[in-house]
Structures are given as structure tokens and as C-alpha cells.
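1. Give me a model of this one.
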Amino acid sequence: QLMRLRRAAHGLLARAELSVLNAALQAGFESPEAFSRAFRRAFGMSPRAFRKAPSWHVWNTVFVIPHFSRTVAMQVQIVNISPVRVAALEHCGPPELVDRSVDTFIQWRMQSGQSPVESNRSFGIPYGNPDTTPAHEFRFAICGEIRETVAVNEFNIRELTIPGGRYAVVRHAGSPDHIGETIYPIYRDWL
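-> The predicted structure follows:
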């Protein structure tokens, strides 16, 4: 049930057109009331309240992911890519606050409709190793592929181009709280 609720919560945040009723049905609940009760028990808030102001602290408590440290085998791929136009929000500051910037980017993505998560690739670009970069200098770009110019917005989202070339790519799945175990080791253990 928690995994179904997790998928539903992701859908509510990533897809503005997804109604609570459809999220409930897709999650296998027979009614939106049963879904709302289960959602409130798991996350301490209604699905609508979560959509408006997601509580990642509660989310991360509910979905504790084991801390693997250096036992995780990185799956690094070297790929050649063509230039990619992206909408980007650059996080500047402590790495543990990246999830707040991710929330802001998700809000822009939902409101603007310019980079739908269903059809456009997402990228996270760390500009340094958080183990060796002072917290106030740490930078991480949250990006979504675009096909049109980024409209003026209050979220500080701007257009960038990821240059074409050879890249080391590591995929991260799950909470940004555990990104240090899948992405950042590329600096520490691989480069």
C-alpha cells in the first residue's frame, strides 16, 4: 500500500491534470475517501494538501531508504549526447537543501506546462563534490528538457543548454536525501 501511495503522491506532484479521484483509482483504491484516509495515515495530510505543499520531511520518514555508504556499486555510463535545451533552476547552498529547490522546480513544471515530466527528460547537474565544496558554495542545477523558450517566471527558472559531448551519467532513483549515495560518489570514488 505504501508503494501505491508513493506512486500516487509522485503523480499528484508531477501531473497537474491528475485528479485526486484518478490518483486514487490508479493506486487501486475503490474510492477517493479510502485513498484520502490511507494517504492521511501515511503522510499526516490530505492528498490535496500534499499537492499544494509537499512535506518531504514526513515523506522521507515514511520511506526510509537504507544507508548503503560505499557498498553501492555505481552504474556509470559514458554517453555521447547532442546539445539539450533545458529549463534550469540552480540551487546554491547546502546540499541537504537541494530538495527544497527540487520542490520549486516541480511547482514551475506543473504551472508552466513547459517541460512535462511524462515526455521530457530530467537532469540533475552537480557542479562539485559536496564532500569537499564549502556548503555556501555548493551548486546543483535541476533541469527539465524544453522545446520552447522559457517564459518569464517568478521561480527563477532560466534556459540553459547542456553542451553536446561525452558525459559520465549516473542515475538516481528515490528521495534527493539519498543522492549522496548514488550521484556524488562519482567525484569521490570514480573521477
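
2. Tell me the buried residues in the strand of greatest length in the chain?
-> If you go by DSSP state E, the chain has its longest strand at strand 84-92. Across strand 84-92, burial judged by 16 or more other Cβ atoms under 10 Å covers 84-91. Glycine gets a C-beta too; all of them are placed from N, C-alpha and C.

3. mind listing what it pairs with, with the direction of each?
-> As defined by DSSP bridges, the strand partners of strand 84-92 come to strand 139-145 (antiparallel), strand 158-162 (antiparallel).

4. In CSV: those, plus distance to Ala53, mean pLDDT and mean neighbour count.
-> Shown next, in CSV, are these (distance: least, Cβ to Cβ, whole Å; pLDDT from 0 to 100; neighbours: other Cβ atoms under 10 Å):
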stretch, distance to Ala53, mean pLDDT, mean neighbour count
strand 139-145, 18, 95, 21
strand 158-162, 24, 96, 15
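
5. just so I know, which of those strands lies nearest Thr182?
-> Closest approach to Thr182 among those (Cβ to Cβ): strand 139-145, 13.8 Å.

6. returning to what we had before: tell me which of the buried residues of strand 84-92 is nearest to Glu154?
-> Ranked by distance to Glu154 (Cβ to Cβ), the buried residues of strand 84-92 are led by Leu89 at 11.9 Å.

7. and after the lowest-mean-pLDDT helix or strand in the chain, which helix or strand comes next?
-> Least confident helix or strand, the chain: helix 56-62 with a mean of 63, by mean pLDDT, DSSP states H and E. Per DSSP states H and E, the first helix or strand lying C-terminal to helix 56-62 is strand 77-81.
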